[in-house]
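Asker: structure of the sequence below:
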Amino acid sequence: MVAVAVAAVILVAGLTVRAQTGGAFAKYAGVALYAAFGYALVVCVLPRVAPPVAGAVALAWCWAVEFAQLTPVPAALSAHGRLLRLVFGTTFNAPDLAWYAIGIAAVLGPHWLVRRWAARRG
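Answerer: Numbers count the residues shown, from 1 in each chain. A predicted model of the protein is given here:
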């Protein structure tokens, strides 16, 4: 349940950043939040997943989508609706690869600390 709430907060934050800000900040904050949201979704689907595994799965998804943008497929899918555009994007941008890792690290660290704290409490 906590993972669902975290995912919802990240989603709202990502959409708000993209709607209310502009330029490089909106672009890269949106990319990082997209990756953080992907991480949260992995945890929602697999609640007992280890944080490094969740991070690897989310990063693999993000990078797969980004590299797919070197083909016309994501742009074609994105032409069919705003939601698909948010999920698949249209254009490859190499700096996004690093921003995905930054976004995932921003949620992986706290997730790992909370799991560690919970394990110690028994």
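
Asker: for the residue nearest the centre of the chain, give me phi and psi.
Answerer: Residue closest to the mean C-alpha point of the chain, counted by Cα atoms, centre = their mean, is residue 35 at 1.6 Å. The phi/psi pair for residue 35 (degrees, to the nearest 10) reads phi -70, psi -40.

Asker: same deal with the one 10 residues further on?
Answerer: With angles defined as degrees, to the nearest 10, residue 45 shows backbone torsions of phi -80, psi -40.

Asker: circling back to that earlier point, which ones are touching the residue nearest to the centre of the chain?
Answerer: Applying Cβ atoms under 8 Å, 6 or more residues apart in numbering to residue 35 gives the contacts 58-59, 62, 99-104. C-beta here means a position set from N, CA and C on the backbone, and glycine is covered the same way.

Asker: which ChimeraX command selects the buried ones in those residues?
Answerer: Of the contacts of residue 35, the buried ones can be selected in ChimeraX as follows, counting by 16 or more other Cβ atoms under 10 Å:
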select :58,59,62,99,100,101,103,104
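
Asker: point out the ones among the contacts of residue 35 that are inside helices.
Answerer: Judged by DSSP state H, helices contain the following of the contacts of residue 35: 58-59, 62, 99-104.

Asker: which one among those residues gets closest to residue 16?
Answerer: Of all the ones in helices among the contacts of residue 35, the one with the least separation from residue 16 (Cβ to Cβ) is residue 103, at 15.2 Å.

Asker: quick one, what contacts the closest one?
Answerer: Residue 103 makes contact with 31-36, 39, according to Cβ under 8 Å, 6+ apart.

Asker: which of the residues you listed are buried?
Answerer: 31-36, 39.

Asker: hmm, which two among these are most spread apart?
Answerer: 31 and 39 (13.2 Å).

Asker: confidence score at the closest residue to residue 95 other than its chain neighbours?
Answerer: Nearest non-adjacent residue to residue 95, counting by Cβ to Cβ, 6 or more residues apart in numbering: residue 28, 7.2 Å away. Note on residue 28: pLDDT of 96.
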